[in-house]
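Peer 1: sequence and computational prediction follow.
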Amino acid sequence: MKRLLLAALVLAACREEQAPPSPVALTPEAVGHYCQMNLLEHPGPKAQVHLDFGPPLFFSQVRDALAYQRMPEQSAAIRAIYVNDMGAPGASWQEPGPANWIDVGAVVFVTGSDVAGGMGAPELVPFAARAAAEDFVLRHGGQVVTLAEISDAALLAPAPAQGGDDADYQKMLGRLPAPDAE
C-alpha cells in the first residue's frame, strides 16, 4: 500500500513538472472553437488554448480565448495559451502569421483601438514588445495594458452590436417570403 501511494505521488510530481506543449501552426484545417469557421479566413490576431487533453482549441479572437480561460464553467486544466505576436516581422492585420505564437503571459495588449477582431468584436491586440504596442496605439488608438490589467468584465461582457438597427431588421424580415396560407 505504501509503495502504491509513493508511486502515485511520484507520478503526480512528474506530471506537474512537464513543460507546456508547443504552439501549433495554423493550417486551413484550424477552425474557431466557438464559430467553427476557418481561422485563415478572418483578420486579426488568433489564439490557441492547450488543455490537459486533445488538440488545442483555436479562437478567432484573442478576447474569446481569454474569456474562455476566465469563464466560471471552464473546468479543464489549461496547460498553455498562445497568441499571435502582432509585432512579429511580416505580421499584418489581414495575415497575422501561422507560426508567430507567443505565450500569453509574455505579452502586452492594446485595448480600445479602432480595429475589430476576426469576428467583428473589439479585440485585445497582443505584442511581445511594448514599443511595438505603443506604435500601434499611435496609429489606431487605445492603451497598452498587461494581462493582469484586463478585467473580467472586459472579456465576459457581450460585444457591442455592430451596425444595423431595428428598422434594418424589419426591412430584412419584410423580404422573407410569406408562409403558405392554408
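Peer 2: Happy to help now that I have it.
Peer 1: need phi/psi at A116.
Peer 2: The phi/psi pair for A116 (degrees, to the nearest 10) reads phi -100, psi 150.
Peer 1: quick check: it touching S60?
Peer 2: No - the pair A116 / S60 is not scored as a contact, 11.2 Å apart, by C-beta atoms under 8 Å. Placement of C-beta: from N, CA and C, glycine included.
Peer 1: more crowded one of the two?
Peer 2: S60 (30 against 16; other C-beta atoms under 10 Å).
Peer 1: common neighbours of A116 and S60, please.
Peer 2: G44 (C-beta atoms under 8 Å, 6 or more residues apart in numbering).
Peer 1: where do the strands of this structure begin and end?
Peer 2: Ranges of strands in the chain, per DSSP state E, are 47-51, 57-59, 78-84, 101-103, 108-111, 125-127, 143-146.
Peer 1: tell me the contacts of the most centrally placed residue in the chain?
Peer 2: Of all residues in the chain, the one closest to the mean position by C-alpha atoms, centre = their mean is V62, 2.5 Å from it. Counting by C-beta under 8 Å, 6+ apart, V62 makes contact with 45-47, 83-84, 109, 117, 123-126.
Peer 1: let's see it at 6 Å
Peer 2: Counting by C-beta atoms under 6 Å, 6 or more residues apart in numbering, V62 makes contact with 45, 47, 83, 124, 126.
Peer 1: repeat that for Y82.
Peer 2: Taking C-beta under 6 Å, 6+ apart as the test, what Y82 contacts is 23, 48, 101.
Peer 1: pLDDT added to these, as JSON lines?
Peer 2: Output for the contacts of Y82, formatted as JSON lines (pLDDT from 0 to 100):
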{"residue": "P23", "pLDDT": "91"}
{"residue": "Q48", "pLDDT": "95"}
{"residue": "W101", "pLDDT": "95"}
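Peer 1: quick one: which of those is nearest to Y68?
Peer 2: Y68 lies nearest to Q48 out of these, by C-beta to C-beta, at 10.9 Å.
Peer 1: quick check, that closest one in contact with F58.
Peer 2: Yes - between Q48 and F58 there is a contact at 5.2 Å, judged by C-beta atoms under 6 Å.
Peer 1: neighbour count winner among these two?
Peer 2: A count of neighbours by other C-beta under 10 Å puts Q48 above the other of Q48 and F58, at 25 against 22.
Peer 1: tell me what the more buried one is bridged to.
Peer 2: F58, Y82 (DSSP bridges).
Peer 1: show the average pLDDT along stretch 145-153.
Peer 2: Over the span of stretch 145-153, the pLDDT mean works out to 91.
Peer 1: how far off centre is that stretch?
Peer 2: 14 Å (C-alpha atoms, centre = their mean, to the nearest Å).
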